[in-house]
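J.: What follows is a predicted protein model with its sequence.
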Amino acid sequence: MNTLEPSDERQRLLSAASLADIVACTVGEFAPLPVAGTLTGDDGSVAVPPGWYLAAPGDNAEQPVRVAVTGHRSRGGWEGCDTLAAFSFTGIAATDVAIDHGACTLRDLGAAGVTTRILDTPVTPDACGVRSTGYFTAARLRMWGQFTTYIAGSECPGMGRLLQHNLFVVSQRRTHLRRDITYLSDTVANSFGALLDSR
C-alpha cells in the first residue's frame, strides 16, 4: 500500500470537494459567517458534550468555523473532531444539488460504505438537510465521517443560510462515542430548526 508524505496527505484532504463550494456556485453573495453569531444555544454558543474541548469557538470573522475535539491520542491528534461552519448567501439553492452532491467529500476521499439520506427539517419552503456517512483513511487512521449540510434559501440579500456540520471519529472509537455523535448531531439540527423559526 502506498503511503503519502504528510504534506501530500494534507493536500489530499484539503482538495476534497465540499458541498458548500458546490452550492456557492449556484447562488449569489456566498460568504462565511461566525458560527457563534448564527447558531446559538441558551449560553450563547452551540453546545458540545462533556469531554469535548473547543479548539476554535467560531466567534469572529477571522476564525468563523467552530472546532471541537475529544480523546487526545498518545501519539498526537484526537479520537474525534467536530466542525461547524455557517455561510450566508442570496438565492434559492436547488434541493437536488444538495442531494446529488451530499457525499462529494467522502467520494473524493475514497470512502467505503457511503450512505446519503435526506433529513427531516421543519416544513419551510426552500429548506433542506442532507447527511452522508462513510469510512475513509486519513493520516494512516481508519476514520468514520459524517457530513451534514442544512440549507435555507432566501431571495432577500444575504439572508440565505448554509450550515456545514462534519464529524470525524477514529473507527475503533465510534461505538464509544455514539452518544456524543447523536448529541452533536441533534444539537445542530435543533439549532437549524430554531434558525428557521426565527426567519
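T.: Yep, that arrived.
J.: List the buried residues for stretch 51-70?
T.: 52, 56, 57, 58, 59, 64, 65, 66, 67, 68, 69, 70 (16 or more other Cβ atoms under 10 Å). Every C-beta, even on glycine, is put in place using the N, C-alpha and C of the backbone.
J.: Just the terminal-to-terminal distance for that stretch.
T.: Using Cα to Cα, to the nearest Å, the end-to-end distance of stretch 51-70 comes to 6 Å.
J.: Off-centre distance for that stretch?
T.: On the basis of Cα atoms, centre = their mean, to the nearest Å, stretch 51-70 sits 13 Å off its chain's mean C-alpha point.
J.: okay, the buried residues of stretch 51-70 in TSV with distance to residue 100 next?
T.: TSV is the format used below for the buried residues of stretch 51-70 (distance: Cβ to Cβ, whole Å):
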residue	distance to residue 100
52	32
56	31
57	33
58	28
59	33
64	26
65	25
66	27
67	28
68	29
69	31
70	32
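J.: now, the most widely separated pair of these?
T.: 64 and 70 (21.6 Å; Cβ to Cβ).
J.: Walking through the protein, point out its helices one by one.
T.: 6-14, 19-24, 35-38, 95-101, 104-108, 178-197 (DSSP state H).
J.: Out of those helices, flag the one nearest residue 132.
T.: Taking these one by one with Cβ to Cβ, helix 104-108 is closest: 5.6 Å.
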